[in-house]
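[1] Turn this into a model:
(3 chains, ligands or ions: 1)
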Amino acid sequence: MAEPFISTPVMAATAQSPIADALLPGEYGNLAIGAQVALSERFGLAICDVCAWPGLETKTANAIKRATGLAVTKRRDAVGEAAQGFQHAPGRWTVIAEDPSLAERLTRAVSANATVVDLAHGRTCLRIAGEAGTSVLAKLFAIDFAEKAFPVAKGLATSHHAVLAQIQRVDAQTFDLLVFRSYARTFFHALTRASEEFGYRIVPPRAGEPET
Amino acid sequence: MSGYRRPSGGKVIERGKSITFTFDGKQYFGLAGDTLASALIAGGVSVVGRSFKYHRPRGIVAAGVDEPNALVTVLGDGAREPNIRATEIEIHDGLVCESQNRFPSLDFDMRALNQLGGDALAAGFYYKTFMGPARWPFGGTRTWMAFERQIRRAAGLGRAGTESDTSRYDRVNAHCDTLVVGGGKPGIVQALEAARKRRRVIVCEIDPTLGGYASWSGDPDISAMITQLQAMDNVQILTRTTAWGIYDGNAVAALERVSDHRRDRAPGEARQRMWIIRAGHVALATGAFERPLVFPGNDRPGVMLASAAQRYAAMYGVLPGKRIAIVTNNDSAYTSAIALKARDANVITIIDLRSEVSGGARSIASVAGARLRTGQAVVATAGTGGLDSIQVAPFDHRTRRPTGRSEGISCDCLLMSGGWSPAIHLASHAGGAPRWDDTLKAFLAPEDGRDLSLHGAAAGDFVFGAGLSPAPAPVYEVRAPGKAFVDFQHDVTADDVRLAHREGFHSVEHVKRYTTLGMATDQGKTSSLPGQAILADALGRPLEQVGTTRFRPPFTPVSLGSIAAERFGDLHPERITPIHDWHVKNGARMVAAGHWQRPECYNRWKESVEQAYIREAKTVRRGVGIVDVSTLGKIDIQGPDAAAFLDRVYTNGFARLPVGKSRYGLMLREDGFVFDDGTTWRLAPDRYLMTTTTANAGPVMQHLEYYLNVIWPDIRVHLTSVTDQWAAMAVAGPHSRDVLAAIVIDTDVDNLTLPPMGIVHGRIAEVPVMICRLSFSGERAYEVYCGAHHGAHVWNALIAAGEPWGILPYGLEALGALRIEKGHVTGAEIDGRTTARDLNLDWMLSTKKPFIGSAMMDRLGLVPITRQALVGVVSINGEKFHGGSHIVESANPKKPGPSLGHVTAMCYSPVHDRYIGLALVSSGRARLGARLYATDPVRSASHVPVEIVRHVMVDPSGDRMHG
Amino acid sequence: MIIPCPFCGPRDLAEFTYHGDAARAAARPAHGSTDQEAWDRHVYDRRNPAGSHAEIWQHAGGCRSHLRVVRDTRTHEITETTLYAPEVSQ
Ligand SMILES: [Zn+2]
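    Predicted structure coming up:
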């Protein structure tokens, strides 16, 4: 077993989401034309921060690709079947995956090119999907959500007042938001309040796939 | 005024769809599409408010956002919103409005007696009467203080509500290539042009429908253009939306009135929405405001702007009177005359201040059937309640004075036009001074570097019809006896402006402040130019040299709710630890510590906070307690230079700290004062976990990032905030090791394996944990770290394991009491003014290496032993003293003498069985054993004898925590 | 105000934290310097120009990079933004 500071995989039996009580599946708000937004938590994911040493960004991107199969490069973010990755700061990637061994695989793959920090517990991943998704997000973030400015797979770092957030566009109408765990409950409340006028559905945990 | 609705016509109203609303408690009917103003005019209401100072009856003057008089209060669900322009309120069933500034009622206002006092309330009245030294018994600031309530009630606008506003307000960010402000014809042209180039376009229009002047002046092309624009998929049209401010980077603030025009709102629907639009280019097509003329009695209900009457007739099928006279200094009023005539209005006469009038204008007057009186002016108005007649006299526009006998004309409506002022407000928000255009007799937008353009009337591009000139005669005032108003909303007369001039106010900005001209809620939309012209006359200077006052945001008043928007209620985000729900379920009294929610104490039944923390602290000293310390800042520090970096940021050494050990560290600021403290754990040769105080987690991270990014870019270290990654709990007390031994597996926790400052990795109830032996309380203690999602699980396991030893949770208060006894410093002592020496931490200042602050910490002034230093204080007679008390030498509470310092923290000490505290006291170390007093004269009136002792008041040898 | 972050693109002022005069940071005495006067100047002396000013901003609510921003203090016009980053060749 790795030292806990290298990786502390989320153990389903003992882990607790900070927004478990707020995630009551159902439909809420203005449902005159049905729920136009679906909200869910992607709980229990492996989440890592990978930070390249100066000059070793390309090698680091390649290492992430080897470890996860994601087609990330110095210039391109990626959304894959089992993992997602995006550069949120110069030479610095967020990688998320279902596989609990992500941190160890990344640590091995990057070797001396970069450092890896396990954030599986430190960040809460929320998914917002549906037609009104960008309208809801526009209330919380001063970011241009038009596809031309924010294409699929791109990820970025921004903030809603004091709450830092990383956002990745999973597909045209689906976004994953990573917020600090301690702010997750407050932020989820803001998210549901902003969604009310469009009508929203809370999707049960671990079922946060895009609406079809 | 005897306004009425014509049997047909009205572009935006729906005939046959009657709406019921309430104004001043009385029920009225209007039609769907009406504004409150159009419905009141149609209902024959002429007086809609009382004026600001003189309480004169006032009627509707304008038809749009520039309305100065018809301000009403809209009553919602318990909330009231004052000062809303009746010209912008769309009526709907159930709308309830009140007129303002009247007592007891609109028709009979006792304060109208003010005007009998004549000049008593002239310019500068408040300054002259109430400011400055008192000449007893009257005058001066003292008098102001005595009469303020009365005066504020008498002079003022609407009254704000006291109920909380339950409506929702939203804030939305938008981005576009082109933002068009104003949905009239020039705006639509700009929007279409940009949209055809596939630009992303947003159009803001104040009114419910697009079209503006083109709509109500009957432009034949406008409907097709609107349809075209609405069909473009790259154009977002925001109606009922006022762009009210433009800021750096072409960021425009706009207020959308989402549901004010409806009785009901959908779930979650906002009342108003604040748009923050970041635009590549801003195209202002904001139109122009018609100016009133200044003549005696120009404020009588029934006197209105010419274009406003035209607009009421075209849009709402409403005519403001049965016999209409027009007074003008320019050609545009002739356009209004013919438009009114086309809608069956009886325009009896046009009075033109100019002696020469163009042929085009003359022929329009004759088509309109109006008798043209050139070189004449209105010198008085008369009527009771409304307008009955006007006095007209020959007029010399050079002297601004009548030159002959006046003649009475019977009419119930007088329309005025003083020319047009382009609405350049947004263009001048950025700061440039508007330019005077001497042809148009108007100020045009300043040229500045930003990506902004003006179009249509906003750019001075006026189209009033063939043969008509856009240029008015430069005369705005008729000087004849009687009150002639410049600023209707603030009751400023032409004489007030001249009085200000005589008293030495020569700059427009000073005259504005002295007379309050243009300082009302309409910010001088109608009044500013006539006021400046009168000042220019008085100064004997051309108007362009007088200049105009600067326009500032907001363009129209903005509700505070819409500015707070989503921050209402959530203004302060709550940050919670993984164990938060357990605390709440187990009776913790939660308090805010920055954004964090932390347990203050766990009150038992009928227990006070003090009783609770004393019990909790005793438990830690005698048995074992557990406290949630997940809020500590935690920073992952990795890289080959990690040790060297820590040696630079901490005052003490970290390079030789062995892996698997932690060390207490102290940071200074660049100026040599103490910044923060905390423990840092070496987890691997090139990896550390730094902890910071809860309050300084963010600042410390920024501090470290600054040095790495800016000052020492070649140091190879990476920082990551892992505050939220780890749940942290401290198990403290003589039995803490017993509890851990009972539950921790995969490692021993005995003194050999886990000595003070040691770190081990193990598991608790299946969960991997890191345990570091650290003590803040002075007892044997351990900090247990685990993945945050597992935090509640591990906490529960520790509580269960501790049951045989009576483990209890403790909160911030007990934590505070324990650290005061032990003399540990926190933010109360690290207050930005204390040095390491002041805090008895000089033993932590390495002499073997430089560190941040080392060059500045020994400056003159930071080293004298007379500085305030950290000491302990103990109540001598058992009496309670208070945090923040000053330490003084005098036993006399009435004459406490100079302060020697202050108490930074106090508590009841279970160990000493009395009140103790920490204090910063000058020459502190030299005063050990001294008897002084903790005095708190203002708050608690306490004056308590205390003994000055060493700051470590429990276990100075450290045997308890090392054992 | 909108600051164009070289990494993130144009972002709202609210995402940034001000860190003062860039010239002052560049003139920080070497680590370990004991030149008291140089330290005094570094810690306390501030230029306050009306006009072009090179200053440091951290994109704290975004990528957390530090930027060198040249801004006109009278108009808030930003003429230059560069990242503080170690110089390397890949
Ligand atoms: Zn950035």
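
[2] The residue most central in space within chain C: what's it in contact with?
    Taking Cα atoms, centre = their mean as the criterion, residue C:56 is the residue nearest the geometric centre of chain C, at 1.2 Å. Residue C:56 is in contact with B:706, B:710, C:18-22, C:25, C:66-69, C:84, counting by Cβ atoms under 8 Å, 6 or more residues apart in numbering or on different chains. The way it works is simple: take the backbone N, C-alpha and C, and place the C-beta from them, glycine included.

[3] Dump the residues you listed into a markdown table; add secondary structure, pLDDT and neighbour count as well.
    Below are the contacts of residue C:56 laid out as a markdown table (DSSP: H, G, I helix; E, B strand; the rest coil; pLDDT from 0 to 100; neighbours: other Cβ atoms under 10 Å in any protein chain shown):
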| residue | secondary structure | pLDDT | neighbour count |
| --- | --- | --- | --- |
| B:706 | helix | 97 | 19 |
| B:710 | helix | 96 | 19 |
| C:18 | strand | 96 | 11 |
| C:19 | strand | 93 | 22 |
| C:20 | strand | 92 | 12 |
| C:21 | strand | 93 | 17 |
| C:22 | helix | 93 | 21 |
| C:25 | helix | 89 | 19 |
| C:66 | strand | 97 | 25 |
| C:67 | strand | 97 | 26 |
| C:68 | strand | 96 | 18 |
| C:69 | strand | 97 | 22 |
| C:84 | coil | 93 | 19 |
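
[4] Could you let me know which of those residues ends up closest to the ion?
    The nearest member of the contacts of residue C:56 to the ion, counting by Cβ to the ion, is residue C:67 at 7.5 Å.

[5] Residue B:793 in helix, strand or coil?
    Here residue B:793 is recorded as helix under DSSP: H, G, I helix; E, B strand; the rest coil.

[6] who are the neighbours in contact with it?
    For residue B:793, the contact set (Cβ under 8 Å, 6+ apart) comprises A:14, A:15, A:16, B:765, B:767.

[7] 7 Å - rerun?
    With contacts defined as Cβ atoms under 7 Å, 6 or more residues apart in numbering or on different chains, the neighbours of residue B:793 are A:14, B:765, B:767.

[8] which residues does the last one bridge with?
    When bridges are assigned using DSSP bridges, the partners listed for residue B:767 are residue B:764.

[9] how many neighbours does residue B:863 have?
    12 (other Cβ atoms under 10 Å in any protein chain shown).

[10] Quick check: it is in a helix.
    No: read with three-state DSSP, residue B:863 is coil and lies in no helix.

[11] residues contacting residue B:268?
    Here residue B:268 is in contact with A:29, A:30, A:196, A:197 (Cβ under 7 Å, 6+ apart).

[12] Helix, strand, or coil at it?
    When classified by three-state DSSP, residue B:268 comes out as coil.

[13] any idea of the pLDDT on it?
    pLDDT recorded at residue B:268 is 94.

[14] Tell me how far it lies from residue B:474.
    Distance check for residue B:268 against residue B:474: by Cβ to Cβ, to the nearest Å, it reads 54 Å.

[15] other SSEs contacting the lowest-mean-pLDDT helix or strand in chain C?
    Every helix and strand of chain C was ranked by mean pLDDT, DSSP states H and E. The lowest is helix C:22-26, at a mean of 90. In this structure, helix C:22-26 packs against strand C:52-58, with contacts taken as 3 or more Cβ pairs under 7 Å, 6 or more residues apart in numbering or on different chains; DSSP states H and E.

[16] Can you give me the end-to-end span of stretch B:860-880?
    This stretch, stretch B:860-880, spans 38 Å end to end (Cα to Cα, to the nearest Å).

[17] Buried residues, it. List them.
    If you call a residue buried by 16 or more other Cβ atoms under 10 Å in any protein chain shown, then stretch B:860-880 has these buried ones: B:862, B:867, B:868, B:869, B:870, B:871, B:872, B:873, B:874, B:875.

[18] so which of these comes closest to chain C?
    residue B:862 (12.3 Å; Cβ to the nearest Cβ).

[19] how far away is the residue lying closest to residue B:21 once chain neighbours are set aside from the ion?
    Using Cβ to Cβ, 6 or more residues apart in numbering or on different chains and skipping residues adjacent in sequence, the residue nearest residue B:21 is residue B:95, 4.0 Å away. From residue B:95 over to the ion the distance is 48 Å, taken as Cβ to the ion, to the nearest Å.

[20] re earlier: I would like the residues contacting the very next helix or strand once past the least confident helix or strand of chain C, please.
    Next in sequence after helix C:22-26, counting helices and strands by DSSP states H and E, comes helix C:36-44. By Cβ under 7 Å, 6+ apart, the list of residues contacting helix C:36-44 from outside reads B:670, B:671, B:855, B:856, C:24, C:27, C:28, C:29.

[21] Out of those, which comes closest to chain A?
    Distances from chain A to these, taken by Cβ to the nearest Cβ, are shortest for residue C:28, at 20.8 Å.

[22] could you measure the closest residue to that closest one other than its chain neighbours against the ion, distance?
    In this structure, residue C:28 finds its nearest non-sequential neighbour in residue C:42, 5.4 Å apart by Cβ to Cβ, 6+ apart. Distance from residue C:42 to the ion, counting by Cβ to the ion: 27 Å.

[23] count of residues packed around residue C:42?
    19.

[24] which bits of chain C sit near the ion?
    Residues of chain C lying close to the ion by Cβ under 5 Å from the ion are C:5, C:7, C:8, C:59, C:62, C:63.

[25] which residue packs closest to the residue in chain B positioned nearest to chain A, ignoring adjacent ones?
    The nearest approach of chain B to chain A comes at residue B:268, 2.7 Å away (Cβ to the nearest Cβ). Spatial nearest neighbour of residue B:268, excluding adjacent residues (Cβ to Cβ, 6+ apart): residue A:196 at 2.7 Å.

[26] Now do the contacts for that neighbour.
    Residue A:196 neighbours (Cβ under 7 Å, 6+ apart): A:28, A:29, A:30, B:267, B:268.

[27] What distance do you get for the residue of the stretch 351-500 of chain B found nearest chain C to residue C:52?
    With Cβ to the nearest Cβ, the shortest gap between the stretch 351-500 of chain B and chain C falls at residue B:449, namely 7.0 Å. Between residue B:449 and residue C:52 the distance is 14 Å, computed by Cβ to Cβ.

[28] which of the two has more neighbours?
    Taking other Cβ under 10 Å, residue B:449 and residue C:52 do not tie; residue C:52 has more neighbours (13 against 9).

[29] Can you give me every residue that contacts the more buried one?
    The contact partners of residue C:52, taken as Cβ under 7 Å, 6+ apart, are C:70, C:72.

[30] what about 8 Å?
    C:70, C:71, C:72, C:73, C:79.

[31] before we move on, the earlier item: ok, and the most crowded of the contacts of helix C:36-44?
    residue B:855 (24 neighbours).

[32] The closest residue to that residue other than its chain neighbours - how many residues pack around it?
    Nearest residue to residue B:855, sequence neighbours excluded (Cβ to Cβ, 6+ apart): residue C:39, at 4.7 Å. For residue C:39, the count of nearby residues is 21 (other Cβ under 10 Å).
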